[in-house]
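1. curious how this folds, go ahead:
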Amino acid sequence: MTSYWCSSALLPTGVAERVLVTIADGRFAAVEPDADPGDAIRLPGLVVPGLANCHSHAFHRALRGRTQTERGTFWTWREQMYAVASALTPESYYQLARAVYGEMVLTGITAVGEFHYVHHAPGGRRYDDPNAMGAALIAAARDAGIRITLLDTCYLAGGIDQPLNSVQERFSDGDAASWATRVAGLTGSDDVVIGAAAHSVRGVPQDQLGAVASAFPDAPLHIHLSEQVGENAACLDAYGRTPAQVLDETGFLGGRTSAVHATHLTDVDVGLLGSSATYSCFCPTTERDLADGIGPSVALRDAGSPLTLGSDSHAVIDLFEEMRALELNERLASQERGHWSAAELHKAATADGHRSIGYADAGVIEVGARADLVALRLDSVRTAGTGATVETAVFAASAADVIDVVVGGRQVVADGNHVKLDVAAELAASIAAVTG
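-> Numbers count the residues shown, from 1 in each chain. Just a heads-up that it's a prediction; the model follows:
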(Lines give C-alpha, C1' and ligand atoms only; values in the text may rest on other atoms or scores of the structure.)
Protein backbone atom coordinates (compact mmCIF):
# COMPACT_ATOMS: atom_id res chain seq x y z
CA MET A 1 0.00 0.00 0.00
CA THR A 2 1.10 3.56 -0.77
CA SER A 3 -0.10 6.80 0.77
CA TYR A 4 -0.12 10.37 -0.55
CA TRP A 5 -0.96 13.45 1.47
CA CYS A 6 -2.52 16.33 -0.43
CA SER A 7 -2.41 19.89 0.90
CA SER A 8 -5.80 20.28 -0.77
CA ALA A 9 -7.71 17.97 -3.10
CA LEU A 10 -10.77 18.21 -5.32
CA LEU A 11 -13.13 15.47 -4.08
CA PRO A 12 -16.67 14.72 -5.32
CA THR A 13 -17.98 16.90 -2.49
CA GLY A 14 -15.68 19.81 -3.33
CA VAL A 15 -12.21 20.93 -2.30
CA ALA A 16 -11.02 19.45 1.00
CA GLU A 17 -7.89 20.28 2.98
CA ARG A 18 -5.16 17.96 4.29
CA VAL A 19 -6.37 14.87 2.43
CA LEU A 20 -4.63 11.54 3.03
CA VAL A 21 -5.23 8.93 0.32
CA THR A 22 -4.24 5.31 0.69
CA ILE A 23 -3.75 3.23 -2.46
CA ALA A 24 -3.85 -0.54 -2.85
CA ASP A 25 -3.62 -2.43 -6.15
CA GLY A 26 -3.81 0.80 -8.11
CA ARG A 27 -7.05 2.02 -6.51
CA PHE A 28 -8.03 4.33 -3.70
CA ALA A 29 -8.49 2.26 -0.54
CA ALA A 30 -9.11 5.27 1.72
CA VAL A 31 -9.65 9.01 1.26
CA GLU A 32 -9.41 10.95 4.53
CA PRO A 33 -9.76 14.75 4.74
CA ASP A 34 -8.23 16.71 7.62
CA ALA A 35 -5.61 14.03 8.26
CA ASP A 36 -1.99 14.21 9.35
CA PRO A 37 0.58 13.30 6.69
CA GLY A 38 2.62 10.83 8.70
CA ASP A 39 5.16 9.25 6.36
CA ALA A 40 2.97 9.67 3.25
CA ILE A 41 4.39 11.18 0.06
CA ARG A 42 3.39 14.84 0.06
CA LEU A 43 1.70 16.46 -2.91
CA PRO A 44 1.60 20.27 -2.72
CA GLY A 45 -0.84 22.73 -4.25
CA LEU A 46 -4.27 21.61 -5.45
CA VAL A 47 -4.63 17.92 -6.31
CA VAL A 48 -7.26 17.04 -8.93
CA PRO A 49 -8.24 13.73 -10.56
CA GLY A 50 -6.36 12.54 -13.63
CA LEU A 51 -7.47 14.04 -16.95
CA ALA A 52 -8.77 12.11 -19.96
CA ASN A 53 -7.65 13.09 -23.46
CA CYS A 54 -10.46 11.53 -25.49
CA HIS A 55 -9.22 12.25 -29.00
CA SER A 56 -5.60 11.98 -30.12
CA HIS A 57 -3.74 11.48 -33.38
CA ALA A 58 -0.27 10.96 -31.92
CA PHE A 59 1.65 11.45 -35.17
CA HIS A 60 0.13 14.92 -35.67
CA ARG A 61 2.42 16.17 -32.90
CA ALA A 62 5.17 16.25 -35.51
CA LEU A 63 3.26 19.04 -37.30
CA ARG A 64 3.45 21.55 -34.46
CA GLY A 65 5.25 24.69 -35.60
CA ARG A 66 5.47 23.42 -39.18
CA THR A 67 2.03 23.95 -40.70
CA GLN A 68 1.84 27.75 -40.67
CA THR A 69 3.95 28.23 -43.83
CA GLU A 70 3.45 31.86 -44.76
CA ARG A 71 -0.14 32.27 -43.54
CA GLY A 72 -0.99 28.57 -43.55
CA THR A 73 -4.17 27.00 -44.93
CA PHE A 74 -6.02 23.76 -44.31
CA TRP A 75 -4.36 22.40 -47.44
CA THR A 76 -0.81 23.19 -46.33
CA TRP A 77 -1.64 21.45 -43.07
CA ARG A 78 -3.11 18.42 -44.88
CA GLU A 79 -0.11 18.03 -47.19
CA GLN A 80 2.31 18.00 -44.28
CA MET A 81 0.11 15.63 -42.29
CA TYR A 82 0.14 13.14 -45.18
CA ALA A 83 3.92 13.51 -45.51
CA VAL A 84 4.37 12.49 -41.86
CA ALA A 85 1.87 9.62 -42.22
CA SER A 86 3.86 8.37 -45.21
CA ALA A 87 7.11 8.29 -43.21
CA LEU A 88 5.88 6.29 -40.20
CA THR A 89 7.13 2.79 -39.46
CA PRO A 90 6.25 0.70 -36.41
CA GLU A 91 9.60 1.61 -34.90
CA SER A 92 9.44 5.35 -35.60
CA TYR A 93 5.79 5.50 -34.54
CA TYR A 94 6.65 3.85 -31.24
CA GLN A 95 9.39 6.40 -30.57
CA LEU A 96 7.20 9.36 -31.54
CA ALA A 97 4.13 8.16 -29.65
CA ARG A 98 6.15 7.40 -26.51
CA ALA A 99 7.39 10.99 -26.47
CA VAL A 100 3.92 12.39 -27.19
CA TYR A 101 2.34 10.32 -24.44
CA GLY A 102 5.16 11.42 -22.16
CA GLU A 103 4.21 15.02 -22.91
CA MET A 104 0.59 14.20 -22.11
CA VAL A 105 1.46 12.74 -18.71
CA LEU A 106 3.53 15.82 -17.91
CA THR A 107 0.35 17.88 -18.46
CA GLY A 108 -1.81 15.76 -16.13
CA ILE A 109 -3.39 13.39 -18.67
CA THR A 110 -3.67 9.87 -17.27
CA ALA A 111 -5.63 8.19 -20.09
CA VAL A 112 -5.76 8.78 -23.84
CA GLY A 113 -8.16 7.77 -26.58
CA GLU A 114 -5.92 7.20 -29.61
CA PHE A 115 -7.88 7.47 -32.87
CA HIS A 116 -5.66 5.12 -34.83
CA TYR A 117 -5.86 4.67 -38.59
CA VAL A 118 -2.26 4.32 -39.88
CA HIS A 119 -2.52 0.53 -39.96
CA HIS A 120 -0.39 -0.76 -42.83
CA ALA A 121 2.85 -0.13 -44.70
CA PRO A 122 3.02 2.32 -47.62
CA GLY A 123 0.85 1.23 -50.53
CA GLY A 124 -1.36 -0.77 -48.17
CA ARG A 125 1.11 -3.65 -47.84
CA ARG A 126 0.44 -5.67 -44.68
CA TYR A 127 3.07 -6.02 -42.00
CA ASP A 128 3.87 -9.56 -40.84
CA ASP A 129 1.93 -8.61 -37.72
CA PRO A 130 -1.15 -6.89 -39.16
CA ASN A 131 -1.49 -4.91 -35.92
CA ALA A 132 2.15 -3.83 -35.73
CA MET A 133 1.29 -0.13 -35.71
CA GLY A 134 -1.37 -0.53 -33.02
CA ALA A 135 0.99 -2.63 -30.94
CA ALA A 136 3.58 0.14 -31.21
CA LEU A 137 1.09 2.64 -29.78
CA ILE A 138 0.16 0.34 -26.91
CA ALA A 139 3.82 -0.24 -26.06
CA ALA A 140 4.50 3.50 -26.24
CA ALA A 141 1.66 4.28 -23.83
CA ARG A 142 2.83 1.69 -21.34
CA ASP A 143 6.39 2.99 -21.42
CA ALA A 144 5.18 6.56 -20.92
CA GLY A 145 2.99 5.54 -17.98
CA ILE A 146 -0.42 6.41 -19.45
CA ARG A 147 -3.49 4.23 -19.99
CA ILE A 148 -4.63 3.96 -23.58
CA THR A 149 -7.84 3.24 -25.40
CA LEU A 150 -6.79 2.18 -28.89
CA LEU A 151 -9.69 3.35 -31.05
CA ASP A 152 -8.85 1.23 -34.07
CA THR A 153 -10.37 3.12 -36.97
CA CYS A 154 -12.04 1.82 -40.11
CA TYR A 155 -11.04 3.98 -43.09
CA LEU A 156 -12.19 2.87 -46.53
CA ALA A 157 -12.62 5.86 -48.86
CA GLY A 158 -10.95 9.13 -49.77
CA GLY A 159 -14.30 10.90 -49.58
CA ILE A 160 -17.88 10.04 -50.39
CA ASP A 161 -17.72 8.12 -53.69
CA GLN A 162 -14.00 8.97 -53.89
CA PRO A 163 -11.11 6.47 -54.10
CA LEU A 164 -8.30 6.41 -51.58
CA ASN A 165 -5.25 8.48 -52.45
CA SER A 166 -1.79 6.95 -52.35
CA VAL A 167 -1.19 7.83 -48.69
CA GLN A 168 -4.65 6.71 -47.56
CA GLU A 169 -3.96 3.20 -48.86
CA ARG A 170 -2.05 2.70 -45.59
CA PHE A 171 -5.25 3.31 -43.68
CA SER A 172 -7.60 0.83 -45.34
CA ASP A 173 -8.45 -2.82 -44.75
CA GLY A 174 -10.65 -2.91 -47.86
CA ASP A 175 -14.00 -3.31 -46.15
CA ALA A 176 -15.53 -3.28 -42.68
CA ALA A 177 -15.48 -7.06 -42.32
CA SER A 178 -11.73 -7.24 -42.98
CA TRP A 179 -11.17 -4.34 -40.59
CA ALA A 180 -13.10 -6.16 -37.85
CA THR A 181 -11.15 -9.38 -38.43
CA ARG A 182 -7.86 -7.54 -37.97
CA VAL A 183 -9.05 -5.66 -34.87
CA ALA A 184 -10.19 -8.93 -33.28
CA GLY A 185 -6.52 -9.83 -33.06
CA LEU A 186 -5.84 -7.02 -30.58
CA THR A 187 -5.96 -7.80 -26.86
CA GLY A 188 -6.82 -5.41 -24.06
CA SER A 189 -5.78 -5.43 -20.41
CA ASP A 190 -6.27 -3.42 -17.24
CA ASP A 191 -4.44 -0.43 -18.75
CA VAL A 192 -5.43 -1.00 -22.40
CA VAL A 193 -8.95 -0.80 -23.84
CA ILE A 194 -9.49 -1.87 -27.45
CA GLY A 195 -12.12 0.41 -28.91
CA ALA A 196 -13.58 0.90 -32.38
CA ALA A 197 -14.04 3.86 -34.69
CA ALA A 198 -15.11 4.85 -38.17
CA HIS A 199 -13.15 7.76 -39.55
CA SER A 200 -16.20 9.71 -40.74
CA VAL A 201 -19.07 9.48 -43.21
CA ARG A 202 -16.47 10.61 -45.75
CA GLY A 203 -14.07 7.80 -44.88
CA VAL A 204 -16.59 4.96 -44.46
CA PRO A 205 -19.45 4.50 -46.95
CA GLN A 206 -22.99 4.43 -45.58
CA ASP A 207 -23.43 0.74 -46.36
CA GLN A 208 -20.37 -0.13 -44.21
CA LEU A 209 -21.12 2.01 -41.15
CA GLY A 210 -23.56 -0.46 -39.61
CA ALA A 211 -20.98 -3.24 -39.75
CA VAL A 212 -18.47 -1.04 -37.92
CA ALA A 213 -21.03 -0.09 -35.28
CA SER A 214 -22.03 -3.70 -34.58
CA ALA A 215 -18.61 -5.36 -34.76
CA PHE A 216 -17.64 -4.82 -31.10
CA PRO A 217 -20.88 -4.05 -29.23
CA ASP A 218 -19.27 -3.62 -25.81
CA ALA A 219 -16.39 -1.37 -26.88
CA PRO A 220 -16.20 2.43 -26.99
CA LEU A 221 -17.16 3.64 -30.47
CA HIS A 222 -15.93 6.95 -31.93
CA ILE A 223 -16.31 8.89 -35.19
CA HIS A 224 -15.47 12.33 -36.59
CA LEU A 225 -18.76 14.15 -37.18
CA SER A 226 -19.54 17.32 -39.17
CA GLU A 227 -16.14 18.88 -38.63
CA GLN A 228 -16.43 21.02 -41.74
CA VAL A 229 -19.28 22.46 -43.79
CA GLY A 230 -18.02 20.64 -46.88
CA GLU A 231 -18.51 17.28 -45.19
CA ASN A 232 -22.17 18.08 -44.59
CA ALA A 233 -22.71 19.28 -48.15
CA ALA A 234 -21.16 16.15 -49.66
CA CYS A 235 -23.24 13.92 -47.39
CA LEU A 236 -26.46 15.72 -48.27
CA ASP A 237 -25.65 15.46 -51.97
CA ALA A 238 -24.90 11.73 -51.75
CA TYR A 239 -27.44 10.51 -49.21
CA GLY A 240 -30.00 13.28 -48.86
CA ARG A 241 -29.35 13.39 -45.11
CA THR A 242 -26.91 14.99 -42.73
CA PRO A 243 -24.00 12.96 -41.33
CA ALA A 244 -25.75 12.70 -37.95
CA GLN A 245 -28.89 11.38 -39.61
CA VAL A 246 -26.84 8.80 -41.51
CA LEU A 247 -25.22 7.68 -38.25
CA ASP A 248 -28.60 7.43 -36.58
CA GLU A 249 -30.00 5.28 -39.39
CA THR A 250 -26.98 2.95 -39.36
CA GLY A 251 -27.12 2.30 -35.61
CA PHE A 252 -24.00 4.29 -34.81
CA LEU A 253 -25.32 6.63 -32.14
CA GLY A 254 -25.70 5.65 -28.49
CA GLY A 255 -24.29 5.79 -24.99
CA ARG A 256 -20.93 4.20 -25.91
CA THR A 257 -20.42 6.46 -28.94
CA SER A 258 -18.46 9.70 -29.12
CA ALA A 259 -19.06 12.16 -31.95
CA VAL A 260 -15.78 14.03 -32.34
CA HIS A 261 -15.97 17.76 -33.17
CA ALA A 262 -19.76 17.86 -33.80
CA THR A 263 -19.23 21.38 -35.11
CA HIS A 264 -21.77 22.07 -37.84
CA LEU A 265 -25.04 20.56 -36.63
CA THR A 266 -28.69 21.25 -37.37
CA ASP A 267 -31.27 21.32 -34.59
CA VAL A 268 -32.30 17.83 -35.69
CA ASP A 269 -28.70 16.64 -35.41
CA VAL A 270 -28.41 18.06 -31.90
CA GLY A 271 -31.60 16.24 -30.94
CA LEU A 272 -30.32 12.95 -32.31
CA LEU A 273 -27.07 13.13 -30.35
CA GLY A 274 -28.84 14.24 -27.20
CA SER A 275 -31.69 11.72 -27.24
CA SER A 276 -29.23 8.87 -27.84
CA ALA A 277 -26.88 10.10 -25.05
CA THR A 278 -24.02 10.12 -27.56
CA TYR A 279 -20.93 11.92 -26.22
CA SER A 280 -19.79 15.08 -27.98
CA CYS A 281 -15.99 15.28 -27.96
CA PHE A 282 -14.82 18.83 -28.57
CA CYS A 283 -11.18 19.67 -29.38
CA PRO A 284 -11.16 23.49 -29.24
CA THR A 285 -7.46 24.14 -29.79
CA THR A 286 -7.46 22.00 -32.94
CA GLU A 287 -10.83 23.29 -34.12
CA ARG A 288 -9.53 26.85 -34.00
CA ASP A 289 -6.15 25.87 -35.52
CA LEU A 290 -7.90 24.28 -38.51
CA ALA A 291 -10.57 27.00 -38.70
CA ASP A 292 -13.30 24.40 -38.25
CA GLY A 293 -15.66 26.66 -36.32
CA ILE A 294 -17.35 26.71 -32.92
CA GLY A 295 -19.67 23.81 -32.16
CA PRO A 296 -22.98 24.08 -30.26
CA SER A 297 -21.72 22.76 -26.94
CA VAL A 298 -24.48 24.28 -24.81
CA ALA A 299 -27.27 23.05 -27.09
CA LEU A 300 -25.77 19.55 -27.08
CA ARG A 301 -25.45 19.54 -23.29
CA ASP A 302 -29.02 20.73 -22.86
CA ALA A 303 -30.24 18.04 -25.27
CA GLY A 304 -28.57 15.28 -23.23
CA SER A 305 -25.20 14.79 -24.93
CA PRO A 306 -22.34 14.61 -22.38
CA LEU A 307 -19.29 16.68 -23.23
CA THR A 308 -15.74 15.33 -23.41
CA LEU A 309 -12.47 16.88 -24.56
CA GLY A 310 -9.46 16.00 -26.70
CA SER A 311 -6.28 17.59 -28.01
CA ASP A 312 -6.66 15.94 -31.45
CA SER A 313 -3.82 17.29 -33.64
CA HIS A 314 -1.73 18.39 -30.62
CA ALA A 315 -1.24 21.94 -31.80
CA VAL A 316 -1.46 22.32 -28.02
CA ILE A 317 -1.47 19.58 -25.39
CA ASP A 318 -3.15 21.27 -22.45
CA LEU A 319 -6.52 19.98 -21.22
CA PHE A 320 -6.86 23.03 -18.96
CA GLU A 321 -6.81 25.18 -22.09
CA GLU A 322 -9.35 22.86 -23.75
CA MET A 323 -11.64 23.13 -20.72
CA ARG A 324 -11.82 26.90 -20.56
CA ALA A 325 -11.93 27.22 -24.35
CA LEU A 326 -15.43 25.72 -24.32
CA GLU A 327 -16.74 28.59 -22.23
CA LEU A 328 -14.62 31.25 -23.91
CA ASN A 329 -15.72 30.14 -27.38
CA GLU A 330 -19.36 30.34 -26.31
CA ARG A 331 -18.75 33.85 -25.02
CA LEU A 332 -17.32 34.90 -28.38
CA ALA A 333 -20.20 33.34 -30.30
CA SER A 334 -22.97 34.69 -28.04
CA GLN A 335 -21.40 37.83 -26.57
CA GLU A 336 -22.56 36.56 -23.18
CA ARG A 337 -20.77 34.92 -20.23
CA GLY A 338 -21.69 32.07 -17.94
CA HIS A 339 -22.56 29.12 -20.20
CA TRP A 340 -20.38 26.52 -18.48
CA SER A 341 -19.34 26.35 -14.84
CA ALA A 342 -15.83 25.35 -13.88
CA ALA A 343 -17.21 22.21 -12.21
CA GLU A 344 -19.01 21.16 -15.41
CA LEU A 345 -15.92 21.67 -17.52
CA HIS A 346 -13.76 19.80 -15.04
CA LYS A 347 -16.19 16.86 -15.10
CA ALA A 348 -15.95 16.78 -18.89
CA ALA A 349 -12.15 16.50 -18.65
CA THR A 350 -12.21 13.87 -15.93
CA ALA A 351 -15.10 11.53 -15.04
CA ASP A 352 -17.11 11.89 -18.26
CA GLY A 353 -14.00 11.78 -20.42
CA HIS A 354 -12.69 8.60 -18.82
CA ARG A 355 -16.11 6.97 -19.13
CA SER A 356 -16.28 7.73 -22.86
CA ILE A 357 -13.05 5.83 -23.52
CA GLY A 358 -13.92 2.80 -21.42
CA TYR A 359 -12.61 3.72 -17.96
CA ALA A 360 -15.81 4.31 -16.02
CA ASP A 361 -13.93 3.79 -12.76
CA ALA A 362 -11.54 6.74 -13.21
CA GLY A 363 -11.59 10.51 -13.06
CA VAL A 364 -12.65 10.95 -9.44
CA ILE A 365 -10.85 10.81 -6.08
CA GLU A 366 -12.97 8.34 -4.11
CA VAL A 367 -12.64 4.87 -2.61
CA GLY A 368 -12.65 2.18 -5.30
CA ALA A 369 -11.69 4.43 -8.19
CA ARG A 370 -8.42 4.17 -10.10
CA ALA A 371 -5.79 6.06 -8.16
CA ASP A 372 -4.91 8.95 -10.46
CA LEU A 373 -3.73 12.24 -8.95
CA VAL A 374 -2.54 15.49 -10.53
CA ALA A 375 -0.95 18.16 -8.34
CA LEU A 376 -1.16 21.76 -9.56
CA ARG A 377 1.05 24.58 -8.36
CA LEU A 378 -0.77 27.38 -6.57
CA ASP A 379 2.28 29.65 -6.45
CA SER A 380 3.08 30.14 -10.13
CA VAL A 381 2.62 33.44 -11.96
CA ARG A 382 -0.65 32.02 -13.32
CA THR A 383 -2.13 30.69 -10.09
CA ALA A 384 -0.65 32.84 -7.31
CA GLY A 385 -3.40 34.42 -5.23
CA THR A 386 -6.22 32.51 -6.88
CA GLY A 387 -6.84 29.90 -4.17
CA ALA A 388 -7.37 26.14 -4.09
CA THR A 389 -10.59 26.00 -6.11
CA VAL A 390 -11.96 24.25 -9.17
CA GLU A 391 -12.16 27.69 -10.80
CA THR A 392 -8.40 28.04 -10.42
CA ALA A 393 -7.87 24.64 -12.05
CA VAL A 394 -10.08 25.43 -15.03
CA PHE A 395 -9.70 29.17 -15.61
CA ALA A 396 -6.24 30.01 -14.26
CA ALA A 397 -3.94 26.98 -14.34
CA SER A 398 -2.19 25.57 -17.38
CA ALA A 399 -0.27 22.43 -18.20
CA ALA A 400 2.86 24.21 -16.99
CA ASP A 401 1.45 24.16 -13.45
CA VAL A 402 1.40 20.35 -13.22
CA ILE A 403 4.12 19.27 -10.79
CA ASP A 404 3.25 15.70 -9.78
CA VAL A 405 1.22 12.99 -11.51
CA VAL A 406 0.19 9.60 -10.15
CA VAL A 407 -1.32 7.04 -12.54
CA GLY A 408 -2.88 3.92 -11.06
CA GLY A 409 -1.02 4.52 -7.82
CA ARG A 410 2.43 4.94 -9.45
CA GLN A 411 4.13 8.31 -9.53
CA VAL A 412 4.99 9.10 -13.14
CA VAL A 413 5.79 12.80 -12.81
CA ALA A 414 7.70 14.23 -9.84
CA ASP A 415 8.64 17.89 -9.39
CA GLY A 416 7.59 18.61 -12.97
CA ASN A 417 9.75 15.90 -14.54
CA HIS A 418 8.86 12.53 -16.00
CA VAL A 419 10.43 9.91 -13.75
CA LYS A 420 11.55 7.77 -16.70
CA LEU A 421 11.79 9.81 -19.90
CA ASP A 422 13.59 12.91 -21.11
CA VAL A 423 10.44 13.94 -22.95
CA ALA A 424 11.80 17.04 -24.68
CA ALA A 425 14.84 15.19 -26.05
CA GLU A 426 12.68 12.27 -27.21
CA LEU A 427 10.23 14.61 -28.91
CA ALA A 428 13.03 16.37 -30.77
CA ALA A 429 14.66 13.14 -31.94
CA SER A 430 11.48 11.31 -32.89
CA ILE A 431 10.02 14.27 -34.79
CA ALA A 432 13.25 14.74 -36.70
CA ALA A 433 13.12 11.08 -37.71
CA VAL A 434 9.72 11.42 -39.40
CA THR A 435 10.03 14.92 -40.84
CA GLY A 436 13.50 14.65 -42.30
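
2. now the strands for the stretch 201-350 of the chain?
-> 221-225, 257-261, 279-282, 307-309 (DSSP state E, counting those that start in this stretch).

3. want to try JSON lines for the ones you listed, with mean pLDDT as columns?
-> Rendered in JSON lines, the data for the strands of the stretch 201-350 of the chain read as follows (pLDDT from 0 to 100):
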{"stretch": "strand 221-225", "mean pLDDT": "98"}
{"stretch": "strand 257-261", "mean pLDDT": "98"}
{"stretch": "strand 279-282", "mean pLDDT": "98"}
{"stretch": "strand 307-309", "mean pLDDT": "98"}
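
4. save the ones you listed as a markdown table, and put in mean neighbour count too.
-> Heads up, the C-betas are built off the backbone N, CA and C, glycines and all. Formatted as a markdown table, the strands of the stretch 201-350 of the chain follow (neighbours: other C-beta atoms under 10 Å):
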| stretch | mean neighbour count |
| --- | --- |
| strand 221-225 | 28 |
| strand 257-261 | 27 |
| strand 279-282 | 28 |
| strand 307-309 | 28 |
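
5. distance to residue 84 added to those strands, as TSV?
-> Listed next are the strands of the stretch 201-350 of the chain as TSV, based on distance: least, C-beta to C-beta, whole Å:
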stretch	distance to residue 84
strand 221-225	18
strand 257-261	20
strand 279-282	23
strand 307-309	24
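
6. so what's the residue count around residue 58?
-> Residue 58 has 26 neighbours, counted by other C-beta atoms under 10 Å.

7. out of the strands of the stretch 201-350 of the chain, which comes closest to residue 15?
-> Closest to residue 15 of the strands of the stretch 201-350 of the chain, according to C-beta to C-beta: strand 307-309, at 21.3 Å.

8. could you list every helix and strand that the closest one packs against?
-> The elements that strand 307-309 packs onto, with contact taken as 3 or more C-beta pairs under 8 Å, 6 or more residues apart in numbering; DSSP states H and E, are strand 51-56, strand 279-282, helix 297-303, helix 319-334, helix 342-349, helix 351-356.

9. gap between the residue nearest to residue 384 when sequence neighbours are not counted and residue 8?
-> Nearest non-adjacent residue to residue 384, counting by C-beta to C-beta, 6 or more residues apart in numbering: residue 378, 7.2 Å away. Distance of residue 378 to residue 8, computed by C-beta to C-beta, to the nearest Å: 8 Å.

10. find residues that contact each of the two.
-> 45-46, 388 (C-beta atoms under 8 Å, 6 or more residues apart in numbering).

11. looking at those residues, which are in helices?
-> Among the shared contacts of residue 378 and residue 8, no member is found in helices (DSSP state H).

12. tabulate the residues you listed (CSV), appending distance to residue 295, neighbour count and pLDDT.
-> Rendered in CSV, the data for the shared contacts of residue 378 and residue 8 read as follows (distance: C-beta to C-beta, whole Å; neighbours: other C-beta atoms under 10 Å; pLDDT from 0 to 100):
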residue, distance to residue 295, neighbour count, pLDDT
45, 32, 24, 98
46, 29, 26, 98
388, 32, 20, 98
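
13. so what's the closest residue to residue 372 other than its chain neighbours up against?
-> Nearest residue to residue 372, sequence neighbours excluded (C-beta to C-beta, 6+ apart): residue 50, at 2.9 Å. Applying C-beta under 8 Å, 6+ apart to residue 50 gives the contacts 108-111, 350, 354, 362-363, 370, 372-374, 405-407.

14. kindly report the same for residue 116.
-> 133-134, 137, 150-153, 197.

15. just those residues now: which is nearest residue 188?
-> residue 150 (8.2 Å).

16. doesn't the closest one fall inside a helix?
-> No: using DSSP: H, G, I helix; E, B strand; the rest coil, the assignment for residue 150 is strand, not a helix.

17. shift numbering so it begins at 459
-> Understood, numbering begins at 459; the last thing we discussed is residue 608.

18. count the neighbours of it for me.
-> Residues near residue 608, counting by other C-beta under 10 Å, number 26.

19. tell me the centre residue of the protein?
-> residue 512 (2.4 Å; C-alpha atoms, centre = their mean).

20. from what I can see it touches residue 571, true?
-> Yes: the criterion here is C-beta atoms under 8 Å, and residue 512 meets it with residue 571 at 4.5 Å.

21. pull up the overlap in contacts between the two.
-> Joint contacts of residue 512 and residue 571 (C-beta under 8 Å, 6+ apart) are 716, 768, 814-815.
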